[in-house]
Structure formats: C-alpha cells, structure tokens
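Visitor: structure for this input, please:
(8 chains, ligands or ions: 12)
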There are 8 protein chains.
Amino acid sequence: VRTGFPEAIYAEGKADPELLKIINNCAKRGRVMVTRLEEKRYLKLKDQLLLNDESLMVEYNPKARILLIKDGEIEKKGKMGIITAGTSDVPVAEEARMVAEEAGCEVLTSYDVGVAGIHRLFSQIRRMLESDVKAIIVVAGMEGALPSVVAGLVDVPVIGVPTSVGYGVGAGGFAALNSMLQSCAPGIAVVNIDNGFGAAVFAATVVKQTIND
Amino acid sequence: VRTGFPEAIYAEGKADPELLKIINNCAKRGRVMVTRLEEKRYLKLKDQLLLNDESLMVEYNPKARILLIKDGEIEKKGKMGIITAGTSDVPVAEEARMVAEEAGCEVLTSYDVGVAGIHRLFSQIRRMLESDVKAIIVVAGMEGALPSVVAGLVDVPVIGVPTSVGYGVGAGGFAALNSMLQSCAPGIAVVNIDNGFGAAVFAATVVKQTIND
Amino acid sequence: VRTGFPEAIYAEGKADPELLKIINNCAKRGRVMVTRLEEKRYLKLKDQLLLNDESLMVEYNPKARILLIKDGEIEKKGKMGIITAGTSDVPVAEEARMVAEEAGCEVLTSYDVGVAGIHRLFSQIRRMLESDVKAIIVVAGMEGALPSVVAGLVDVPVIGVPTSVGYGVGAGGFAALNSMLQSCAPGIAVVNIDNGFGAAVFAATVVKQTIND
Amino acid sequence: VRTGFPEAIYAEGKADPELLKIINNCAKRGRVMVTRLEEKRYLKLKDQLLLNDESLMVEYNPKARILLIKDGEIEKKGKMGIITAGTSDVPVAEEARMVAEEAGCEVLTSYDVGVAGIHRLFSQIRRMLESDVKAIIVVAGMEGALPSVVAGLVDVPVIGVPTSVGYGVGAGGFAALNSMLQSCAPGIAVVNIDNGFGAAVFAATVVKQTIND
Amino acid sequence: VRTGFPEAIYAEGKADPELLKIINNCAKRGRVMVTRLEEKRYLKLKDQLLLNDESLMVEYNPKARILLIKDGEIEKKGKMGIITAGTSDVPVAEEARMVAEEAGCEVLTSYDVGVAGIHRLFSQIRRMLESDVKAIIVVAGMEGALPSVVAGLVDVPVIGVPTSVGYGVGAGGFAALNSMLQSCAPGIAVVNIDNGFGAAVFAATVVKQTIND
Amino acid sequence: VRTGFPEAIYAEGKADPELLKIINNCAKRGRVMVTRLEEKRYLKLKDQLLLNDESLMVEYNPKARILLIKDGEIEKKGKMGIITAGTSDVPVAEEARMVAEEAGCEVLTSYDVGVAGIHRLFSQIRRMLESDVKAIIVVAGMEGALPSVVAGLVDVPVIGVPTSVGYGVGAGGFAALNSMLQSCAPGIAVVNIDNGFGAAVFAATVVKQTIND
Amino acid sequence: VRTGFPEAIYAEGKADPELLKIINNCAKRGRVMVTRLEEKRYLKLKDQLLLNDESLMVEYNPKARILLIKDGEIEKKGKMGIITAGTSDVPVAEEARMVAEEAGCEVLTSYDVGVAGIHRLFSQIRRMLESDVKAIIVVAGMEGALPSVVAGLVDVPVIGVPTSVGYGVGAGGFAALNSMLQSCAPGIAVVNIDNGFGAAVFAATVVKQTIND
Amino acid sequence: VRTGFPEAIYAEGKADPELLKIINNCAKRGRVMVTRLEEKRYLKLKDQLLLNDESLMVEYNPKARILLIKDGEIEKKGKMGIITAGTSDVPVAEEARMVAEEAGCEVLTSYDVGVAGIHRLFSQIRRMLESDVKAIIVVAGMEGALPSVVAGLVDVPVIGVPTSVGYGVGAGGFAALNSMLQSCAPGIAVVNIDNGFGAAVFAATVVKQTIND
Ligand SMILES: Nc1ncnc2c1ncn2[C@@H]1O[C@H](COP(=O)(O)O)[C@@H](O)[C@H]1O
Ligand SMILES: Nc1ncnc2c1ncn2[C@@H]1O[C@H](COP(=O)(O)O)[C@@H](O)[C@H]1O
Ligand SMILES: Nc1ncnc2c1ncn2[C@@H]1O[C@H](COP(=O)(O)O)[C@@H](O)[C@H]1O
Ligand SMILES: Nc1ncnc2c1ncn2[C@@H]1O[C@H](COP(=O)(O)O)[C@@H](O)[C@H]1O
Ligand SMILES: [Mg+2]
Ligand SMILES: [Mg+2]
Ligand SMILES: [Mg+2]
Ligand SMILES: [Mg+2]
Ligand SMILES: [Mg+2]
Ligand SMILES: [Mg+2]
Ligand SMILES: [Mg+2]
Ligand SMILES: [Mg+2]
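Guide: Ligands and ions are numbered 1, 2, ... in the order given. Okay, here's the model as predicted:
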C-alpha cells in the first residue's frame, strides 16, 4: 500500500473550470494539495472551492504557490533539510517544504546561504546534522555549484534542484542542471529544473526508509 | 568523519604512467578502486601494479570495467536493488554493483527486465521488496521509461541512471535523461548519463541512513 | 482523386483581415475548418463571417480551438481511438477528434488515463479494440511514455502526439517527442509536437485503407 | 495474441559472447532476426551459431545488416512500398524491406528516385498505387523533403524515415527529421533517424489492418 | 564608391527617443528607411518625425513594417522575383520587396504559391523567367522545402529566406533554415531567419552585376 | 535547358562497388566529377575506372578531393574570386575552385589572407575587383568573421562558406555558420558548412547572369 | 581583505517586498547598488526606500537600469575603456560603466562605433590608448565580431560582452558569445551574455593590479 | 608595436607537408611555437625541421603538445598562477604555461588541487598571492566550479578555462563552460574550451599592464 503521500494537482495548463472540477472532486475524498497555483489565480478561484465537510480548512501559501485543503495537522516523523543558494530560489524551496510536511516530514530550512559566505553555510549544515536530518534538498540556480559543496561536507543524501534563475547561458536553468549532474562530489542526485515537488517526494521517501526500520 | 566509501580513481583521460603512479600511491594507503578501465588497458598495465603488502589482492571485472585492489571482504549492512532495462545497460549496472558492495551494501540485481515483459518485472520487484531493499537503482537507455514504471510500483527511493544506448534522437543518452527528469511518477531522482558510480554512492548513502538508526 | 479530407485553414500567424478573407473565400466552395483559432479571436471575428448559403452552419469548439463551417453531418465509416495521458493534453486530442470526424471517421476517446492508473488504461483499450478501431492516437506530454505502453498492448498502429506540456527539460515538448521516437515498443510513428491535426489526417488515412478493401 | 511479427535482436552495443548466447537461445524457439549486424562481425560469429534443427537456414543480407535464421518462407499478404531519395539511404530501406517481409508483407521497392527527377518518381508511385500498396515508407536524408512530396501525391499513409546521411547542419539526420515532422503535407508520420526496423513494423501493422477486414 | 543601397535603420531594440534622434539625423542627409517598425509604434512616433525639406515624403507599409522617408521615386534597373510558400511568410517578403525597390530593382512577386499546388508555381516561375529576372528570393517557413523546388526548375540564383513560422520542432524557423542549407538542389544560398532585408540587398547586388556589364 | 553545370557524384556514404558502377555509368554519357573522394580511396579505385572513349582523361586533385573525368578543357566565361581565412580552409576552397571551373568560370584565388593582416586582404580584393569578378566566395572557420569584412569592402555578391575548422564552441563549424548568417554587413548569403560545391554552383549561377546579358 | 568593489543587489527575480527589505538592510551598512531594476519598477519602489542617514543620496540611471545609494563620490584611480558595436548594446555598456566607476575606475566610453565605419573605431581606440586605459570592454551583439577587431589593434586586455541583440540564429546572444570565444585574435576573454556587471568587475580587477604596483 | 608575444602555429587540421613548410618558413625569421602537435606527429616530422641557424634549438613538450624552436631563454617579468582541478586538465594547463613563459611571464603552477581538498587549495593560493601573481588561470572540466571558488578567495583577475573532460551532459566541456560564464563570483572571465593558448596570451596581457606602469 502506498500511503502518506500528498494527493497533488498540478494547476498550470488546466483551464479554470476544469481545475475547479478536479479540486472539488478530490476534496470529497479528503486532503488535497494544488501546486503551481499563482496568487492571482487563487484569489479568482477561491470562492468557488466547495468544502463539503466542516472539518476541511483552506490554506494558501503564495510563495510556494500551493493551495492546501486539509482536515487537521499531519503527524511528523523524521527530518530533512532544505537549503537555497539565493533569494530567488525560495519559491521552489517553499514548494518543497510544504510537500515534504504534507508527506509527514519535519523540515529545517536555511535560505540564501550561497551569497552569505561559507561560514554561515557551515553553521547551518552543522545545525541540520545535529538535528539528525536524513536528507538535504539543495536548491540553486546560476552555476548550480551549491549542491556539490554541500555534498562534500555531509554523508547524508543530497538532492539537487536546479532553478530557472539566471540569464544568458544560464537562462532556463540548464547550466545549473548540467553542473549538478556533472558534479565531482558523489552523493548527489538531481530532479527536473524548478521541481520542488519531486525533490520533496523523493526526499520524503528517503526519510521514510529510516523510520520503518 | 566520512567513512566506508570507496577510494576511487577515474581512469579515462589519464595517461598510462600517470594512472599507474596514482594507483600505486593510493594502494600504499589501502583499498583502491579504479573505474572506467577498459580490459585491454588493464591487461597492459597489470604487471606494473605495485602491491607493497601481501594482504592486498587484485580483482578485475571486465563488464564493470573496474579494477579493485583489496585487503579482504567488506562487511555488508543494508540492501539495495539494481535493475536494467536491456542487456546493453549491464556494464553501467555492474559498475554500480561493485561500487555499492565496496561501500558496504548488499546488492540484489535483476538485468534485462525491460524486454522480458511486465510480469517478470513485477516478480523481480516483489523479490527485492521482500528482501527489504532500501533503494533501487534503475538503469535504462533508449526512451528511459523504466524508472517511472518502477517508481509507480514501490515506495522505496528510485535512482534513475540514463545510459548512452540508442541512436538517432537517442544518441548519447539525452532522450533517456530528459524522460527520467520529466517523469510523472514522483519518487525518482537522477544522475548523469552512464554514471553507475554516482548512482551507487548516492544509493549507499540512502541505505546507510537506515542502518545508523 | 484525393477526397474526403477536411479543407483546413491554419489561423495562427495570419492577420485578422487576411484570415477573414481566406475563410470567406473558402466558404464559397463549401465546408471549411479553421484550426488554432483561440476563443477570444473567434468571438471577435464571428460576426464578419459570410455564409453565402443557407445550408451552411457555424460550429465552434473552444477546447479544440476549431471553427467549422459545415453543410450537414459527415457520414462516418471506420473507427479510431484517441487517448490522452493527462488533462492538459485534451486540447490537442480534441483538435484531432474534430479533424478525424471531418475526415469521415468515428472516434472513441479516453482522456486522462495516464494518471488514473494502469487498470483504467487496460479497460479503455479493451473497449477500443472490441469496437474494432483501426488506429489509436496517443497524446502525451511530460516524459511521453504512454504511446509506448499502449503500443505494447495492441497490434493496431499507434500514432504518438507529443504535447508541449511540461517545464524544465520538458518545456516545449521535446522530451516527449524524443521519448516517442526512441521508443522500444515497435508499432509507433510520431507527428510534430501539439500536431493533433496531422495525427488525425494520418490516422484517417490508415482507417480509409481498411474500408476500401 | 500478438503474432506474425519478427522476433528481433538488436546487435549493436552487445558484446560478442552475449550476442551469441541470446541468438542461440532464441533460435531454439524458432525464427530469429538479428539487426544492425555489420558484415565483418557476422563473418566472425557465423561459425558459432547453433542451429539445433535441420529445418533452420541462415540468411545474411550485408546491405540490410540483417541475419535471418529461418525455417522456410513466410506467406505474404498485403503490400507496401519502400522508396529512397538517394543511394546512401538504401541500407535503411533494405533493413525495412527484410523486416516487412518477415512480418508477412509483400514489398515493392524503388530506390534513388529523389535524384532521378520528378518523372521517374511519378511513374514509380503510379506502379505502387496500381499494385494496391496500403502504406509507403519513404527514406530520405539531407533536407528530407521527399516524404512531403510523396504524401502530396497519394492517399495512402506515408511513413517518413530520416537518415543520418548529410554533413554540416545535416549531420546526424536532424535536419531531415525536423523537416518531416514539420511537413506541410498531411498524411505523414515519422520514426527515429535510421530506424528502418520501426518503420517496417509500423507499416506492416497498417497493412494488417486491411487484411483482417 | 558604394552607391544605390538604402540607408536603413533597424528599429527593434532601440528606445523611442533614441530611434527618433537617429531617424531625424539621417533624414537630414536624405532618403531613409526604417525597418522592423511595428504599426502601433509608427503611429506613436510619426508626429515627431522632422522632415527638414519639403521634397521629403513619408510612406509607411504596415505589412513590411517599413517606414520610408523619400524624396521621389527611385529609378529601377534590372528585375528580381520574390515568392512565398504561405500567407504567413508575406511580411518578410514585403520587407524584401521594399528594400529591393529602394535599391533600384524592379520586383515581381508571387505570394502563397506553396499551398496552391505545383501548377500555379510553374506558371508563376515561367512568368518571372520570361520577364528576365536575374535572381529569385524564396521565402518559406515550416519545413522550408520551396527554395529547393524552385532551384530545381531555374538557372537563376535562388536566395532562400527561412521564416519563423511554425510550431513544435519548427518553432523559430530552425527546421526551415537547416532544410535550405542542406538542400540537394544546388544554386541556393541562404540568409538568416526572417531576414527579408538581407535577402533583398544580396539579390540586388546580384542584379546590379548584370547591369554594369 | 539547364546546361553548363558539372555532372557531380558525391562519394561519401556510398559503398565502393556502387560508387564505381555509378561513375562508370555516368562516364559513358560524358564528363563526370566525383566529389569528397579521399586520396586513399581514389588510389584504391582508380584501376577499376572504365573510360570507354579515348578522348576521356582522368584528373585527380587530392586537396579538393575531386576526381574529374574530362574530354578536354572547358571554355571559361566570366570571373569569380575565392578567398580563405586560413590554411585549413583550403580544401573547401579548392573544391569550390574546381567546380566553378567545370561550370565554365575563371577563378582568382587568394588563400590564408585572414591571418596575414588586413593589408594583404585589401590588395587581394583590389586585384579581384580590377579583374572584374562578379562574385566572391569567402571560406572561413573559427569565428567566421572574414565574409563580413569582405562584404563591407565590395559591392559584389559575397557567398560565405563556414568550415568545420575549430574546437570547443567552434567544433563542427556552427559558430562560423551563425556568425555569417547574423552578419551586420549586408550583401552576404551563406551555404552549408564545408559546402564548397554548393557555393561554387551558386556563384557560377550569378556569374552566368552577367554573361547572357 | 577584498575592498573597493560595489555591494550589488540583483533585482530581477526578487519580489518587491523582499527586494525593498534587502535594499534597506544593505543601505544601513553604507553604499548600495541595485542592478537590473527597470525604470517602471524603480518609480514604484522609490518612495519606500529608507535612507537612515542624511549623507546618503539616491541616483537612478534608467539606461543602465541601476539604482545607486551613495554617500559621496568614489575616488577614481586607473582607467578602462568601454566600446559598443551598436546603439542597442548601450544599456549593457552603461551597466558596466556605472559598476566600474563604483569600483573606483575612470571610464572612457565610445558607443556605436561598429556601424560608423573602421575610421571612427581607429580614432576612438587611439584616444583610449593615449589616455592609458589598462583594459577595454567591448560590448557587441549580432555576429559579435568587434572584440576580435579591437583585440587585433591593441595590446591591452579585451573583455568581450556578447549581448542578446539579434534575431533568428542570433536570438539570445549565442552567436555573438560563440564568435567571441572562438576568436582568432588572442588577448580576449569573455563574460556571460548581457553581463555588463561581471565585465566591469573583472576589468576593474585588472586595472587595480596596475595601481598597486 | 605588438611585441613579446609568441609567434604560434596551430598544427591541427594542416596536412604534414604544409605544416612543415609553414614552420620552416617561420623559423627563418626567428623563434617559433607550434601548438596542438601530438607526440607521434612530432616524432614523424622532427627530422624534416630545418634550423638554418646554429643558435636555434628545438624543444618538445609532449604534455603541452608544443614544439618550440628557440634561440635562447626569454627574460621573464611579472608573474601569473595556473591551477587545475584534476589530472586530466594538465595538458591544457601545460599548454598555457609554455605560452605564458614564451610571452615573458614567470608561472607558478598548482595542479590537481580540486580533488585534494579545500586546504591544499587554500595554501596554494596563499603561495601564489604571496609571490605577487597578477592573474590566475584556473583550468577545470566536469562541473567547472573551481574558478568560482578561486575568484571568491582572491582579488586578482581569474581566467577560467573549461576543458572537454567529462561524459554524459559534461561531454565536450559545455557544462563547465556554462558554469564558468554563469558564475556568481565576480572577477572571472572565460576563454574557449581547452584553449590554454588563449588563456595564457590574455593573462600575459594583464601581467604586462602591471609592468609598464
Ligand atoms: N509542482 C509539481 N511539479 C511536478 N509534478 C507535480 C507537481 N504537482 C503535482 N505533480 C504531479 O502531477 C500529478 C497530478 O497531475 P494532474 O493530474 O495533471 O494534476 C500528481 O500526481 C503529482 O505526481
Ligand atoms: N492545426 C494544424 N496543424 C498543422 N497543420 C495544419 C493545421 N491546420 C491546417 N494545417 C495545414 O495547413 C494547411 C493550411 O495552411 P494555410 O494555407 O496557412 O492555412 C492545410 O492544408 C493543412 O494541411
Ligand atoms: N547585473 C548583474 N549581473 C550579474 N551578476 C550580478 C548583477 N548584479 C549583481 N550581481 C551579483 O549578484 C550578487 C547579488 O545577488 P543577490 O543576493 O541575489 O542580489 C552580487 O554579489 C553580485 O555578485
Ligand atoms: N592552441 C591554440 N588555440 C587557439 N589559437 C591558437 C592556438 N595556437 C595558435 N593559435 C592562434 O592561431 C594563429 C595561427 O593560426 P595558423 O596560421 O592557422 O597556424 C596564431 O596567430 C594564434 O593566434
Ligand atoms: Mg556527501
Ligand atoms: Mg514510488
Ligand atoms: Mg503494438
Ligand atoms: Mg497524402
Ligand atoms: Mg537552379
Ligand atoms: Mg558589400
Ligand atoms: Mg590584442
Ligand atoms: Mg575575486
């Protein structure tokens, strides 16, 4: 049985009526998470959401661009860390955080450490390791070097998420993606550009292995 | 302290004298693994290997293209699975297997299941889950669909390794890589094309999380 | 004589006055189909359409983005199936359906079966085969794996249509296109990204071979 | 039941001992086709082929690079045409021809008509249509324009096979592939670069639809 | 002395005040042509144009997106032809026509002949050859096959202009560009995608060679 | 009637027996030119060439990689120039020269002027213009800047031929090709990478326009 | 100690509140430069800037898209030159100029010399060399040939900045980038497309080497 | 006057007789450097080198693949550093070193510091800064992160040289090139993949600025 993972709907590329129909259908069966839902679109749609159950609540996180229809808090078991190189990488990291929490993990975050100098990075990683995180998601655009640096410092699995932040040869996130795939530091695996969702589900799968033991 | 990972030397792109010097230097300090060493090259170099210790033994695996200088067997703790779609993906899988074993993991393999029909895949995956593998490496070229299929069937982390098997639009492994990165089935992370080494180190890092608990 | 195929005008990239002139000219000669005509544009133009014949009727399908000027129903001979992986692939599938019907084929559709699990896919394919479809169009974005899966299950020609649904390495539909071209399952041929029109004309050409016999 | 299609082994990328083992294993069960087997390699391996049955015969076609282990002639039902633009496209066409015949189709070929001027093309196509072919495979490299020309002349499905013939921007066959996918003439579907095998299986699937009726 | 070529200003990518300054400066010295000036922008700027000479007149062609400040008609010597495959290629062709006329050439045009069937193409080309054109510009998007067809029919230099018309693999005009560069029919040279300006200057240079003789 | 152009056979990608058959067939009808025939291959094949006529002579140019079977000298009318940037571009230029001469043009060459400084370039161009060349072919690899420089200095049509000379981002000739297509200097058109043949046929077509006048 | 370089904030990809927070935080510590801040956005944000010190002044340069919060003038030591090929390259050059001045360098500019003919270029370069510039930044789009030309004329380090000016094969600036990287003229190094910031910091680093001596 | 730079001949892509002719011609005028001359080729050609002056000496460096014909030692003024990430990057670094020395610079090298851990890197950089290097060349393949790390530690100009070391997405050096161009650490400029020659000439140009002061 596959349990504990968030039921997720990807909002982009679906017309409004269709999206509403799918959300309202899913919400009949319980918790639902809608990803890639821009704030403007959420504000336009929110009055048409049907919560057929008093126990359901709506939560919207504009940075993560996630709408959550929930029936209470998820119990958290096991921890992961999420790090970003810059401020512009935060939306992808927030998407990952919400998905990971919905998957039942506790998340420690540390944003914008790529610019702040290596010392702040060291202290943040130490904090995460001492809290016993079982996986670290590292979100980075531009030249995408941060996951390599982190993987060189820890023995925990590092999941790299390239972001589409950058211009010129960095436009679209391909330079960051290729850097991460080509990394000299072993112990890194990678997900698609901007895919905070996939990184979180993968990392949560790792964390769960350590709990069932 | 970072321990238990294989000391590895990447043979490709190093001239013979340099490679020998590096291997012999490392071998003074203990176990050593040389990757991407073609059989012909191994045969040419093997008489110049210096084992300054009677306890050291040389083992060469032509499929994995790996030379191992070892001082006994590694104790194995925790399990992972390795699956390939086709016969041509086996060298990459064998590289991963040897690296994972050197990292102290027990490995269950199941090669060429992509061609053998879905039923053989089901039974092989069942065998792996019953043996309690904590991660599955899936090696596939061509359209690279197998990791998605496997990830849809298990709750264990799936590490996709695209291979450079294929021609036309598949040449070089980019179609397989992009398929895996773009996969609809969550719970997959990916390493570089043909990078059995990286996949194994990453998977071993995952397996180790479950042992320390 | 080449008969029975829809007279089609491609609306994108033509200025409004030009498009109207072409449509109204064609409509003088009989049935006309205008593809890639967004709803907003249709609403802007519709009052300027000249139907010089009382038997002509206007039909607009906003999902397919097709305007049809018709003089009655087309007689249908022979069947094909159209399947989509996700909800976002439906516009391309609807374009294909309308073109195929205009070409005189009966169409069985089954949308969004990629997400709904393999069982729904099996039952939908069984339904199509029992209805004696002579070709199946499979529309899919992301990693584009569905046509391979379908082709592995049927002996009917499978026409893959990659869609530009996806982000990161999947942006533009190239990952899906390459997956389909590189497919291990034989019995697949492919058309351009988002080209529901071309897939339908091709599939109708196949279906017609079976009727003339 | 999926029947009538050739059991095929792809030789490229398999080591010699492995390839032999797979061929000899398959040959125990009956007919076998080995594709992409260069003549030199065939000559090296042929004495190690094990035919455990007196009824089996070995046939090797150096142009098609195909080895066939057969137990008699295949009964042919239904026809297709195969056309090439140039002389250099012939190996891909011959691969397609042998696969199509093995799949039970009669094949009419017309090679090198792209260079010979439009009149020879016209007469060859007329011959094919009069013989009642149900599908035409068109193999072309360089700018890949021939399938469009053919599709403009016939109402039979046209399967385009781009070849890796060409240099500069045409190297690898991508210019031809993109031309075919982007063709203005509807009624074309495309397979991977140099994929004579896939084109033939697809075309045979089309031809079979017309026979079962 | 380099004479007779239009003084041209490329409007795109220049801010409005800068563009006006450059135009008004040039207009002091005589005739001026402003290319890639969208109609909306022209309407916004036209009242700020300074014509310091009563003999100057303003002419704006919205299809060609060209603004011409002229002091009378150019004397025409020598002819060229301009052909387009589709309706969407007309803006690029019109840009070429205005530039060629400004360079002192008489231009025969024939638009949208790619779709209208080969017979109309034949008669249009005959008309051009009988008028003694010394060069033919062929503008085409999609798979870009028209220049090859034309070059196969005439002994006059053919200049191919790929257009960015198309979608999927044809987006941006690269499929058309590569087709033209890779053409089997000799006697073709190519300019940048959508570069009607460059094609016209080049063709006019050819035409002028024949006049000076 | 299309006359005066060389009957040419492209040797690459044709097997030896086929090539010989085609050459010997063509030679029965008269003059023949075989391009892209490496010296080693020529030496292997030359004794099998059948000249069924005493008037025929064989000429082989190893730099141009061209074999010419000729029946006397071609009468030359009209002139063109051919310039190369470096020494490595000479084979492509020599291919162009032989083709142009076979097409009945007189050719002035000036090789390796890109490196030798701007003064030598100026004097070479002056010599060509004084000889009344009607077109100039400029062959260049690396960053491909030479055709732009030449086009800025002359009013004669400039045909750019990018070469595959270069490494890193210049490998394969794409940087040179794109530079030439993107050139700011109008009066340039371009042919495929390394396509000396196509450049010469095009330039000869230009030269012929000036003769018929 | 790393001193004298501008503290810079990259505005693109940061949400307004975040950007303001970061600017206001930095401004507490002293001088601050905000790059890639479009004029519209500056006008929207400027009233929310907090200058907690009377000595601070706000300066906005719309061409450079830079906001500078400064406490007086920077003392300038050492010189560099900045050249652009066209008018459209000026924004990137202005970004470089402001950054270089903020880094303490005197800057000589010469814009739009690529179009104005080689003589103006010569005289501008002479002026720069006579002023004893220690580095020259050359900004160019399209085919990106100007840095090569400049590097051939001077013995000072030339830093090439490709711009995203151009269309067709030049779109995005890649043709210019590759030309510069592939340049035959030694003495050139390159930064990312449109990266005036990086070019200025690098050039200032060069200039500073000459001052400390 | 441009002085002090090595007269260099690029051997690749020149036929043997041509190369010899060019070398021997140059050697008449004085010192000469031949780059990209593989050892085998050097051994084949060396007896045909003509040194028409007793003061000339031949020096061949197989790692750098450089042949130097020299007339004594060059006087060295000013220093630069050269660092490589791995062993496979050494040939490119050695090419750079020989060129820089020929240009009159003293060179401090530190190879393979990317693998050896951050501490060795720190101490090597300290050594270089204390020796007062005026520029540092950093050679790196794979993910190309080393130049960014170095640039973060020093105020000296850093010239990044990507190498074609790597496989999968790193093949050809493009991942490394894009990483370097996209670097967050300012103070980096980049040359073409594997272009040790260009990096050295550029760095020497920088060093010379500091000497003339
Ligand atoms: N932000 C996201 N990025 C990638 N995949 C997602 C995202 N959100 C949802 N998904 C996946 O897409 C599936 C839903 O797709 P759909 O049915 O189109 O809403 C879910 O089962 C998830 O696996
Ligand atoms: N949606 C579509 N996708 C691809 N091709 C189309 C489409 N609609 C029409 N066409 C083709 O484009 C031709 C019409 O092009 P046009 O003359 O530009 O309207 C038709 O004959 C069709 O073959
Ligand atoms: N226009 C620019 N182009 C490239 N890099 C920049 C630019 N402006 C600032 N930066 C760099 O980006 C860093 C700031 O990034 P952030 O913290 O995201 O504002 C600065 O330290 C600079 O090194
Ligand atoms: N290894 C190299 N990489 C890049 N450019 C080089 C190299 N060696 C020589 N060059 C340049 O190429 C020019 C010589 O080219 P060539 O005349 O073809 O030998 C020299 O002037 C150098 O500027
Ligand atoms: Mg690690
Ligand atoms: Mg799973
Ligand atoms: Mg099938
Ligand atoms: Mg047709
Ligand atoms: Mg012609
Ligand atoms: Mg000119
Ligand atoms: Mg210079
Ligand atoms: Mg620095």
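Visitor: please count neighbours and contacts with C-alpha atoms only from this point.
Guide: Will do.
Visitor: for the nearest residue in space to residue A:102 that is not next to it in sequence, what are its contacts?
Guide: Closest residue to residue A:102 apart from its sequence neighbours, by CA to CA, 6 or more residues apart in numbering or on different chains: residue A:6 at 5.9 Å. By CA atoms under 8 Å, 6 or more residues apart in numbering or on different chains, residue A:6 lies in contact with A:31-33, A:99, A:102-103.
Visitor: sketch out the strands for chain A, chain order is fine.
Guide: Residue ranges of the strands in chain A, as given by DSSP state E, are A:8-10, A:32-35, A:57-61, A:66-70, A:79-84, A:106-110, A:136-140, A:158-162, A:188-190.
Visitor: among those, which comes closest to residue G:158?
Guide: strand A:136-140 (31.0 Å; CA to CA).
Visitor: how's chain A carved up into domains?
Guide: Using automatic domain parsing, the domain parsing of chain A gives A:8-70, A:79-212.
Visitor: ok, now how distant is the closest residue to chain G within chain A from residue F:169?
Guide: For chain A, the residue closest to chain G is residue A:168, as judged by CA to the nearest CA, at 4.7 Å. Noted for residue A:168: a distance of 15 Å to residue F:169, by CA to CA, to the nearest Å.
Visitor: residue A:174 too?
Guide: As judged by CA to CA, residue A:174 and residue F:169 stand 17 Å apart.
Visitor: okay, those two: which has more neighbours?
Guide: residue A:174 (27 against 24; other CA atoms under 10 Å in any protein chain shown).
Visitor: for the more buried one, give me its contacts.
Guide: A:162, A:164, A:193, C:169.
Visitor: same thing with residue A:124?
Guide: Shown in contact with residue A:124 (CA under 8 Å, 6+ apart): residue A:110.
Visitor: got any ranges where chain A has weak pLDDT?
Guide: When residues are selected by pLDDT under 70, those of chain A lie in A:1-4, A:115-117, A:212-213.
Visitor: ranges for the helices of chain A?
Guide: For chain A, the helices defined by DSSP state H occupy A:16-29, A:39-45, A:90-102, A:118-130, A:146-151, A:174-181, A:196-212.
Visitor: what's the burial count for the nearest residue to residue A:156 once chain neighbours are set aside?
Guide: Using CA to CA, 6+ apart and skipping the chain neighbours, the partner closest in space to residue A:156 is residue A:135 (5.5 Å). Residue A:135 is flanked by 29 other residues according to other CA under 10 Å.
Visitor: so residue A:135 is in contact with residue A:158, correct?
Guide: Yes. The criterion here is CA atoms under 8 Å, and residue A:135 meets it with residue A:158 at 6.1 Å.
Visitor: ok and the residue in chain A nearest ligand 2?
Guide: Per CA to the nearest ligand atom, residue A:13 is where chain A lies closest to ligand 2, at 18.7 Å.
Visitor: and that residue, its phi and psi?
Guide: Here is the backbone geometry of residue A:13 (degrees, to the nearest 10): phi 80, psi 0.
Visitor: how about it, nearest residue that isn't a chain neighbour?
Guide: The shortest distance from residue A:13 to any residue other than its chain neighbours is 5.6 Å, reached at residue C:88 (CA to CA, 6+ apart).
Visitor: and the gap between the one you found and chain F?
Guide: In this structure, residue C:88 lies at 36 Å from chain F, with CA to the nearest CA, to the nearest Å as the measure.
Visitor: residue A:114 now?
Guide: Taking CA to the nearest CA, one finds residue A:114 at 29 Å from chain F.
Visitor: ok, the closest residue to residue A:157 other than its chain neighbours - contacts?
Guide: Residue nearest to residue A:157 in three dimensions, not counting chain neighbours: residue A:135, with 5.0 Å by CA to CA, 6+ apart. Listed by CA under 8 Å, 6+ apart, the contact set of residue A:135 reads A:79-81, A:156-159, A:203, A:206-207.
Visitor: and chain A, which residues reach ligand 6?
Guide: Taking CA under 5 Å from the ion as the test, the list of chain A residues beside ligand 6 is empty.
Visitor: sorry, back to before: which of the contacts of residue A:6 lies closest to chain E?
Guide: For the contacts of residue A:6, the nearest to chain E is residue A:33 (31.4 Å; CA to the nearest CA).
Visitor: show me what that closest one is bridged to.
Guide: On the basis of DSSP bridges, residue A:33 is bridged to residue A:8, residue A:68.
Visitor: what about it, neighbour count?
Guide: Number of residues near residue A:33 (other CA under 10 Å) recorded here: 23.
Visitor: on that earlier part again, any idea how far the residue nearest to residue A:156 lies from residue E:53?
Guide: Where residue E:53 is concerned, residue A:135 sits at a distance of 75 Å (CA to CA).
Visitor: and residue A:75, by the same measure?
Guide: To residue E:53, residue A:75 is 82 Å away according to CA to CA.
Visitor: repeat for residue A:148
Guide: Taking CA to CA as the criterion, residue A:148 is separated from residue E:53 by 67 Å.
Visitor: cool, and residue A:37?
Guide: Per CA to CA, residue A:37 is found 58 Å from residue E:53.
Visitor: more neighbours: these two, which one.
Guide: A direct count of neighbours by other CA under 10 Å for residue A:37 and residue E:53 places residue A:37 higher, at 20 against 11.
Visitor: give me every residue that touches residue A:68.
Guide: Residues near residue A:68 by CA under 8 Å, 6+ apart: A:31-34, A:58-60.
Visitor: give me that answer again for 10 Å
Guide: Residues near residue A:68 by CA atoms under 10 Å, 6 or more residues apart in numbering or on different chains: A:6, A:8, A:31-35, A:56-61, A:98-99, A:102.
Visitor: quick check on these: which are buried?
Guide: By neighbour count, with 16 or more other CA atoms under 10 Å in any protein chain shown, those hold A:6, A:8, A:31-35, A:56, A:60-61, A:98-99, A:102 as buried.
Visitor: could you dump the residues you listed into TSV and include distance to residue H:69?
Guide: Listed next are the buried ones among the contacts of residue A:68 as TSV, based on distance: CA to CA, whole Å:
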residue	distance to residue H:69
A:6	70
A:8	69
A:31	77
A:32	75
A:33	72
A:34	70
A:35	66
A:56	83
A:60	73
A:61	69
A:98	66
A:99	66
A:102	70
